[in-house]
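1. have a look; sequence and predicted model below, questions after that.
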Amino acid sequence: MLVFILRRLAQSAVVVVAMSVLVFAGIFAIGNPIDVLISPEADAFERAAAIARLGLDKPMHEQFLRFVDSALGGDLGTSFVHGVPALGLVLQRFPATLELALCAMLVAVVLGIPLGLWAGLKPDSLAGRVIMTGSILGFSLPTFWVGMMLIMAFAVTLGWLPAGGRGETASLFGVQWSFLTADGLAHLILPAVNLALFKLSLVIRLARAGTREVALQDYVKFARAKGLAPARVVGVHILKNIMIPVVTVLGLELGSVIAFSVVTESVFAWPGMGKLLIDSILQLDRPVVIAYLLVTVLLFVVINLIVDLVYSLLDPRIRLGGGRA
């Protein structure tokens, strides 16, 4: 296992290096930040001074080498717009995005696994068909449209929940969280549900497919033949085995939820990393965009490693590469 972890860490380092090159090259090509940051009425001297101050007067390869040198020391540059370290700005918004993503995944897991089990155990029942029809809608409806409909229904028409923002927060371990206050929790519900719909549909279909496959296995039939209670058969013999693919996919999906919650954060004005990314792209704030993308890459790398370890714990028969070395 130690050899496997070391090899995965080495592979992760290669991925981070490759992505840093691609990200930097891509951001370099999207436009000139000076066109956004400097007034069109500025004279040539002011424009040249601004370009030199931001380090944009150097060729791309020199800018990249300076970036790598600073990144090795934990400095991903200073925001062109805010004038503060870009990494600190991204990490400041990270708790809001993490909270939203975890709540969305919690909704997807808590509702998706029982619904998927039900649809898998009773596929021909009315409830099973309704569940699968609902999962198709979850895949099909655009996230931004669902978000606006949720705002219209629960914020505008019924007035039950706030339409946007993060609301009141409370500190835990030095970090501000919304779920610790009633007002913050009210602000969290709609964006979390909106972000969870696609993942909920995915979990339902994974759990249903796994349930239908596992239910036909000999060990499940034998457990039923021994007279075990249905709840024990489902909870011990079926649920544990369907969790292997579910955990694998959910681990990867958690990274995607954190990285791509841009639409939900924009619709609900949630002050997370996604909204910061959109604002930074519009303002061509290169350091912030690069910091966001590299933080996202690191998240995917860490989550993939954790998923591999959990995967092996769920099924001892699985032998990861290098595990016997």
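-> Great, that's in hand. Numbering: from 1, shown residues only.

2. what are the ranges of the helices in the stretch 51-200 of the chain?
-> Here the stretch 51-200 of the chain has its helices, by DSSP state H, counting those that start in this stretch, at 60-71, 86-121, 126-140, 143-150, 182-214.

3. between helix 182-214 and the second one, find me the angle.
-> Think helix 86-121. Angle, helix 86-121 to helix 182-214, by axes from the mean of the first three to the mean of the last three CA atoms, to 10 degrees: 50 degrees.

4. neighbouring contacts of stretch 175-189?
-> Residues outside stretch 175-189 that contact it (CB atoms under 8 Å, 6 or more residues apart in numbering): 95-96, 99-100, 103, 161-162, 164-172. For glycine as for every other residue, the C-beta is placed from the backbone atoms N, C-alpha and C.

5. got a winner among those residues for most neighbours?
-> Neighbour counts for these (other CB atoms under 10 Å) peak at L100, which has 29 neighbours.

6. who's in contact with that one?
-> Here L100 is in contact with L188, P191, A192, L195, S261, T264, E265, W270, G272 (criterion: CB under 8 Å, 6+ apart).

7. a markdown table please, covering the residues you listed and showing distance to T157 and neighbour count.
-> Shown next, in a markdown table, are those (distance: CB to CB, whole Å; neighbours: other CB atoms under 10 Å):
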| residue | distance to T157 | neighbour count |
| --- | --- | --- |
| L188 | 20 | 25 |
| P191 | 18 | 26 |
| A192 | 20 | 25 |
| L195 | 21 | 29 |
| S261 | 25 | 27 |
| T264 | 20 | 29 |
| E265 | 23 | 25 |
| W270 | 21 | 28 |
| G272 | 26 | 25 |
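
8. excluding chain neighbours, what is closest to T143?
-> V263 (4.9 Å; CB to CB, 6 or more residues apart in numbering).

9. and of the contacts of stretch 175-189, the nearest to G147?
-> Closest approach between the contacts of stretch 175-189 and G147, by CB to CB: G164, at 9.9 Å.

10. quick one: the closest one from A196, how far?
-> For G164, the distance to A196 equals 17 Å [CB to CB, to the nearest Å].

11. now swap in L115 and tell me
-> 13 Å.

12. thought I242 was touching A207?
-> Yes - I242 lies in contact with A207 (CB atoms under 8 Å); the separation is 5.8 Å.

13. find the residues that touch each one of these two.
-> Joint contacts of I242 and A207 (CB under 8 Å, 6+ apart) are G116, L117.

14. pull the number of nearby residues for the residue nearest to L299 when sequence neighbours are not counted.
-> Nearest non-adjacent residue to L299, counting by CB to CB, 6+ apart: G255, 5.4 Å away. Residues near G255, counting by other CB under 10 Å, number 19.

15. swap in the one 4 residues further on?
-> By other CB under 10 Å, the residues close to A259 number 20.

16. list the contacts of R8.
-> Per CB under 8 Å, 6+ apart, neighbours of R8: N304, L305, D308.

17. restricted to strands, list these.
-> Among those, no residue falls in strands (DSSP state E).

18. separate out the buried members of those residues.
-> N304, L305, D308 (16 or more other CB atoms under 10 Å).

19. mind checking how far stretch 122-141 is from the chain centre?
-> Taking CA atoms, centre = their mean, to the nearest Å, one finds stretch 122-141 lying 25 Å from the centre of the chain it belongs to.

20. ok, now stretch 76-90?
-> With CA atoms, centre = their mean, you get 22 Å for stretch 76-90.

21. how about that stretch as PDB, C-alpha atoms only?
-> Extracted C-alpha coordinates of stretch 76-90, given in PDB (Å, rounded to 0.1, in the frame of the first residue of the first chain):
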ATOM      1  CA  LEU A  76       0.700  32.100  -7.100                       C
ATOM      2  CA  GLY A  77       0.900  35.800  -7.900                       C
ATOM      3  CA  THR A  78      -1.000  39.000  -6.900                       C
ATOM      4  CA  SER A  79      -4.500  39.700  -8.200                       C
ATOM      5  CA  PHE A  80      -4.400  42.500 -10.800                       C
ATOM      6  CA  VAL A  81      -7.800  43.700  -9.600                       C
ATOM      7  CA  HIS A  82      -7.800  43.300  -5.900                       C
ATOM      8  CA  GLY A  83      -4.100  43.800  -5.200                       C
ATOM      9  CA  VAL A  84      -3.900  40.900  -2.800                       C
ATOM     10  CA  PRO A  85      -2.300  37.400  -3.100                       C
ATOM     11  CA  ALA A  86      -4.400  35.400  -5.600                       C
ATOM     12  CA  LEU A  87      -4.100  32.100  -3.600                       C
ATOM     13  CA  GLY A  88      -5.400  33.800  -0.500                       C
ATOM     14  CA  LEU A  89      -8.300  35.300  -2.400                       C
ATOM     15  CA  VAL A  90      -9.300  31.800  -3.700                       C
END
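
22. ok, back up a step: I'd like the buried ones among the contacts of R8 as a markdown table, with pLDDT and distance to T296 appended.
-> Formatted as a markdown table, the buried ones among the contacts of R8 follow (pLDDT from 0 to 100; distance: CB to CB, whole Å):
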| residue | pLDDT | distance to T296 |
| --- | --- | --- |
| N304 | 75 | 13 |
| L305 | 74 | 15 |
| D308 | 70 | 19 |
